[in-house]
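Q: could you work out the structure for the sequence below:
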Amino acid sequence: MAEFASTAPETETLTVMGGGLVGSLLALYLAQHGHSVEMFERRPDIRRAGSVEARSINLALSDRGWRALEGVGIAESVRDVAVAMHGRIMHSVQGQLTYQPYGQEGQSIYSVSRAGLNRRMLDLVEQNPRIRVAFNQQCQRVDLRQQTMDVLDTELNQSRTVSFRRLFGVDGAYSAVRAALQRTDRFNYSQHYLDYGYKELTIAAAPGGGWALEKHALHIWPRGQYMMIALPNLDGSFNCTLFFPFEGPASFAALQTPAQVRAFFEQEFPDAVPLMPELETEFFDNPTSSLVTVRCYPWTYHDDVLLLGDAAHAIVPFYGQGMNAGFEDCTVLHELLARHGHDWNAIFQEFQQVRKPNADAMADLAVYNFEEMRDRVADPRFLLQKKIESKISAQYPSKWLPLYSQVTFSHLPYAEAWANGQQQEQIMQRLMPHIQSEEDYQRPEVQALVAAEMERR
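A: Prediction:
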């Protein structure tokens, strides 16, 4: 195979391990560059395996993700099954609602079903004559030196050895491809779990199929040490996720009976409980999942193997950027393929050098946003600060873009956005002692302080 590749590199067969969202997108981009692609997926074909949405967090597609989908011509068909969310709605224990827009007028993030999006992308993959897909293929071992994989067909319970010339590991946070790299010399790896797990629940559609809550918003029930969020579906329902400590007085460990679950929810989320007819059943039937951040380096083995997506940089889901970051990996690789052609060593090296600092920044941002969503969005001073930031951004658009907008509504590298955000937070800490209300922003002394800060930027 290697000999054939050297004489006709444009027909080189590339191997993609992982047929989820990022793996499917990657295969489409590699095929776009003229390569044949063999894609292996551990799970059954999601299009034939029945509904799995109840066990999958809804995803928030934002600008980075849309750009990647546009690159393979799928953006408009995905937009048909996405629900725009223009902002957050916070629910207090008393049932009071507070609205916070995500960006400027016309800027939204989009709720999409992970399973629905995966189905659409697999349809595209199967329609591409350059791509071959095999499901139920569990990678058990990768031999980097021999360039082979031991793959178990879980449906037939048969193992085989598969050769590869170039292998792309897109097989998730518990990547089998990364496990092989972890056994190589000077490979850095860490994983960090939050003391929180998550559980999927459902807010049912209203009678007649409408939405029982505001459709075009992400709903948050912030409660200090834990929270629940809800994202809209096209059928009128909402996918809810409870982010909750594993242990402690208020925790998964403490809720052991249906009566305890109902009593807790009625106390903490009283406006949601009447909308959750399957609450107790779902609470005990749906799994409790963990939240992990994975950092590693290098993401390559010579010019033979490259890690992308969660295999390289799994993050917790609190900025809605896990999928978007994985999709942006594909966009960056696409640009490097266009620039470097078949110089795989240059492609792989530049890819990891460009993406690693941004992946690390996004991991930090995701944990930061968890603390913000859980603790701060219910704080009136925090909400006032966000309004003042919007005013600064409107007055000095070339000098100030809120951190959330830099991450969600731009293509600025994550590392730059995070550095800018930290700098802006320091400025706000200096300004906010002088501001007690929105009207204070117009006071001459406050305007002078803001102008002085902007002069220094």
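Q: what lines up beside the longest strand anywhere in the chain in the sheet?
A: What stands out as the longest strand in the chain, according to DSSP state E, is strand 188-203. Here the strand partners of strand 188-203, with direction, are listed using DSSP bridges: strand 238-245 (antiparallel), strand 288-297 (antiparallel).
Q: may I see the buried residues of that strand?
A: Applying a neighbour-count criterion of 16 or more other C-beta atoms under 10 Å, the buried positions in strand 188-203 are L194, Y196, G197, Y198, K199, E200, L201, T202, I203. (Glycine included, C-beta is placed from N, CA and C.)
Q: what sits against the fifth one?
A: Applying C-beta atoms under 8 Å, 6 or more residues apart in numbering, one finds that K199 lies in contact with T241, L242, F244, F252, E282, F283, N286, P287, T288, S289.
Q: tell me how far it lies from I46.
A: With distances taken as C-beta to C-beta, to the nearest Å, K199 is found 21 Å from I46.
Q: what of the first one?
A: Applying C-beta to C-beta, one obtains 27 Å for the distance of L194 from I46.
Q: the nearest residue to S108 once chain neighbours are set aside: which element?
A: Counting by C-beta to C-beta, 6 or more residues apart in numbering, S108 lies nearest to A84, which is 4.2 Å off, once chain neighbours are set aside. When elements are defined using DSSP states H and E, A84 is found to belong to strand 83-85.
Q: and the contacts of K199, which are buried?
A: Buried, going by 16+ other C-beta under 10 Å: T241, L242, F244, F252, E282, F283, N286, out of the contacts of K199.
Q: ok, of the residues you listed, which one's closest to T154?
A: Ranked by distance to T154 (C-beta to C-beta), the buried ones among the contacts of K199 are led by N286 at 23.1 Å.
Q: who's the nearest residue to that closest one once chain neighbours are set aside bridged to?
A: In this structure, N286 finds its nearest non-sequential neighbour in E200, 5.0 Å apart by C-beta to C-beta, 6+ apart. E200 has these beta-bridge partners by DSSP bridges: T241.
Q: distance check, E200 against R132.
A: 33 Å.
Q: and for R114?
A: From R114 across to R132, the span is 24 Å (C-beta to C-beta).
Q: the more surrounded of these two?
A: Under the neighbour definition other C-beta atoms under 10 Å, R114 and R132 were set side by side, and R114 has more, 19 against 15.
Q: hmm, that one is touching L61, no?
A: No: the pair R114 and L61 fails to qualify as a contact (C-beta atoms under 8 Å) at a distance of 10.7 Å.
Q: output the lowest mean pLDDT helix or strand found in this structure.
A: Using mean pLDDT, DSSP states H and E, helix 2-7 stands out as the lowest-scoring helix or strand of the chain, at a mean of 35.
Q: beyond it, next helix or strand please.
A: Moving toward the C-terminus from helix 2-7, the first helix or strand encountered (DSSP H and E) is strand 13-17.
Q: partners of that next one in the sheet?
A: In the sheet containing strand 13-17, the strands it pairs with under DSSP bridges are strand 36-40 (parallel), strand 167-169 (parallel).
Q: out of the ones you listed, which is the most enclosed?
A: For the strands paired with strand 13-17, average neighbour numbers computed from mean count of other C-beta atoms under 10 Å are highest in strand 167-169, which has a mean of 27.
Q: residues touching that one, excluding its own?
A: Taking contacts as C-beta under 8 Å, 6+ apart, the residues outside strand 167-169 that touch it are 14-18, 23, 26, 30, 142, 147, 149, 175-178, 181, 304-308, 311-312.
Q: going through the residues you listed, which ones are buried?
A: Buried by 16+ other C-beta under 10 Å: 14-18, 23, 26, 30, 142, 147, 149, 175-178, 181, 304-308, 311-312, out of the contacts of strand 167-169.
Q: among those, which are located in helices?
A: Secondary structure defined by DSSP state H assigns G23, L26, L30, A176, V177, R178, L181, A311, A312 of those to helices.
Q: in TSV: the residues you listed, plus pLDDT and distance to S437.
A: Conversion of these to TSV gives the following (pLDDT from 0 to 100; distance: C-beta to C-beta, whole Å):
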residue	pLDDT	distance to S437
G23	98	50
L26	98	50
L30	97	55
A176	97	56
V177	98	55
R178	98	51
L181	98	55
A311	98	48
A312	98	46
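Q: nearest to V367 among those?
A: When those are ranked by distance to V367 (C-beta to C-beta), A312 comes first, at 17.7 Å.
Q: now stretch 300-309, how far from the centre of its chain.
A: Remark: stretch 300-309 is offset 21 Å from the chain centroid, using C-alpha atoms, centre = their mean, to the nearest Å.
Q: please work out the average pLDDT along it.
A: Per-residue confidence for stretch 300-309 averages out to 98 on the pLDDT scale.
Q: quick check: neighbours shared by R114 and L61?
A: Here R114 and L61 share the contacting residues M323, scored by C-beta under 8 Å, 6+ apart.
Q: hmm, D440 is touching M432, no?
A: No: under the criterion of C-beta under 8 Å, D440 is not in contact with M432, lying 9.9 Å apart.
Q: pull the contacting residues for F244.
A: Contact criterion C-beta under 8 Å, 6+ apart gives Y196, G197, Y198, K199, Y226, A250, S251, F252 as the residues in contact with F244.
Q: the closest residue to the second one other than its chain neighbours: what's it in contact with?
A: The spatial neighbour of G197 that comes closest, neighbours along the chain excluded (C-beta to C-beta, 6+ apart), is T288 at 4.6 Å. Counting by C-beta under 8 Å, 6+ apart, T288 makes contact with G197, Y198, K199, F246, F252.
Q: run the last query once more with 6 Å
A: Contacts were defined as C-beta atoms under 6 Å, 6 or more residues apart in numbering; by that measure T288 touches G197, K199, F252.
Q: between those residues, which is closest to R376?
A: Relative to R376, the closest of the contacts of T288 is G197; by C-beta to C-beta it sits at 21.6 Å.
Q: now the most centrally placed residue in the chain, nearest residue through space, not along the chain?
A: The C-alpha lying nearest the average C-alpha coordinate of the chain belongs to G322 (C-alpha atoms, centre = their mean; 2.1 Å). Take G322 and drop its neighbours on the chain: the residue closest to it by C-beta to C-beta, 6+ apart is I315, 5.4 Å away.
Q: confidence score at the one you found?
A: At I315, the pLDDT value in this model is 97.
Q: okay, now it: neighbour count?
A: 25.
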